[in-house]
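Trainee: Structure for this input, please:
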Amino acid sequence: MLAIERRKEILEKLQSQKRVVVSELSQIYDVSEETIRRDLEKLEKDGYATKSYGGAVFNEHANLDLPLNIRKNRNVIEKQLIAKEVCQLIQDGDTVMLDASSTALYVAKALKEKSNLTIITNSIEIIIELLDKKDWSVLSTGGLSKEGTYALVGPQTDKMLQSYHVDIAVISCKGIDMKAGVTDTDELHSNNKRTMLNSAKKKVLAIDGTKFDQIGFTTIGELSDIEYVVTDKQPEERWKSFFEAEGILCMYP
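Mentor: Numbering: from 1, shown residues only. Sure, this is the predicted structure:
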């Protein structure tokens with residue numbers, strides 16, 4: 001097993017179990033404890049873990065974004081419910097922008113029953129997912145490859161997105177807050193998501209219930225920039241009142 005594959009599995013264990021022990025990992029992967037310590041040092045340097053005596057604990061920092069391989073396996077049922085709701089907003093023949101979030105990946109999966117769609121995305125994972133859709137047009141934005149995210153980001157991505165005008169854009173985010181608006185963990189991702197919204201007639205924010213009252217590192221935009229919020233369950237009454245006051249349609253199962 002390559003070191004990068006071992007670290008990914010260790011990170012998955014950290015995410016699910018919240019802590020790992022050096023001696024146990026050494027036995028599982030049949031490597032020295034010193035090798036495991038180096039793995040944990042790398043995960044700590046990347047911000048995913050905090051080393052402790054004999055092991056490490058998961059870093060629950062709110063502004064930390066996990067790799068897509070881990071995020072796409074979290075809250076799967078919730079993301080499937082969201083994707084089903086989003087599909088109601090998309091008709092055969094529509095032009096659609098999808099961001100590189102794990103939620104957008106589930107939207108792409110759910111859209112496969114539609115016909116003649118044009119998809120523009122900066123997600124490598126979504127492009128791979130849709131390779132078999134012969135009647136669709138799937139366009140990649142190009143851009144800088146972002147490690148761990150399977151995303152293409154940066155000015156080149158923005159330039160491509162700005163050259164199109166689409167029926168609908170579907171993005172996700174790290175959190176929404178009534179004052180801070182729509183926020184994310186990474187400035188390059190945020191800029192690209194903002195550009196997607198500016199290029200679309202319908203602007204859709206697809207988020208699970210854990211994103212409410214959370215604030216990420218950088219701003220994507222104001223909640224007033226969004227027309228639809230699609231989530232996995234009915235929000236609290238104060239949020240429903242807020243959406244109504246802002247003219248935002250909130251959709252949930």
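Trainee: what's the neighbour count on the closest residue to residue 214 other than its chain neighbours?
Mentor: In space, and not counting its chain neighbours, residue 214 is closest to residue 175: 2.7 Å by Cβ to Cβ, 6 or more residues apart in numbering. Placement of C-beta: from N, CA and C, glycine included. Residue 175 is flanked by 21 other residues according to other Cβ atoms under 10 Å.
Trainee: Return the residues in contact with residue 175.
Mentor: With contact set as Cβ atoms under 8 Å, 6 or more residues apart in numbering, residue 175 has these partners: 62, 183, 211-216.
Trainee: of those, closest to residue 82?
Mentor: residue 211 (10.8 Å; Cβ to Cβ).
Trainee: For that closest one, what are phi and psi?
Mentor: Main-chain torsions, residue 211, degrees, to the nearest 10: phi -90, psi -10.
Trainee: so who does it touch?
Mentor: By Cβ under 8 Å, 6+ apart, residue 211 lies in contact with 172-176.
Trainee: Any chance of JSON lines for these, columns distance to residue 192, pLDDT and secondary structure?
Mentor: Shown next, in JSON lines, are those (distance: Cβ to Cβ, whole Å; pLDDT from 0 to 100; DSSP: H, G, I helix; E, B strand; the rest coil):
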{"residue": "172", "distance to residue 192": "12", "pLDDT": "96", "secondary structure": "coil"}
{"residue": "173", "distance to residue 192": "12", "pLDDT": "95", "secondary structure": "coil"}
{"residue": "174", "distance to residue 192": "14", "pLDDT": "91", "secondary structure": "coil"}
{"residue": "175", "distance to residue 192": "18", "pLDDT": "94", "secondary structure": "strand"}
{"residue": "176", "distance to residue 192": "18", "pLDDT": "97", "secondary structure": "strand"}
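Trainee: ok, then the element right after the helix or strand of the chain with the lowest mean pLDDT?
Mentor: Least confident helix or strand, the chain: helix 68-71 with a mean of 55, by mean pLDDT, DSSP states H and E. Using DSSP states H and E, the helix or strand that follows helix 68-71 in sequence is helix 76-87.
Trainee: Surely residue 154 touches residue 189?
Mentor: No. With contact defined as Cβ atoms under 8 Å, residue 154 does not reach residue 189; the gap is 9.9 Å.
Trainee: neighbour count winner among those two?
Mentor: Neighbour count, other Cβ under 10 Å: between residue 154 and residue 189, residue 189 has more, with 27 against 19.
Trainee: Pull out the buried positions in the helix or strand that contains that one.
Mentor: Element membership for residue 189, per DSSP H and E: helix 187-198. Buried residues in helix 187-198, counted by 16 or more other Cβ atoms under 10 Å: 188-197.
Trainee: Just give me the closest of those residues to residue 7.
Mentor: residue 189 (22.2 Å).
Trainee: okay but that closest one is in contact with residue 100, surely?
Mentor: Yes. Under the criterion of Cβ under 8 Å, residue 189 makes contact with residue 100 at 7.1 Å.
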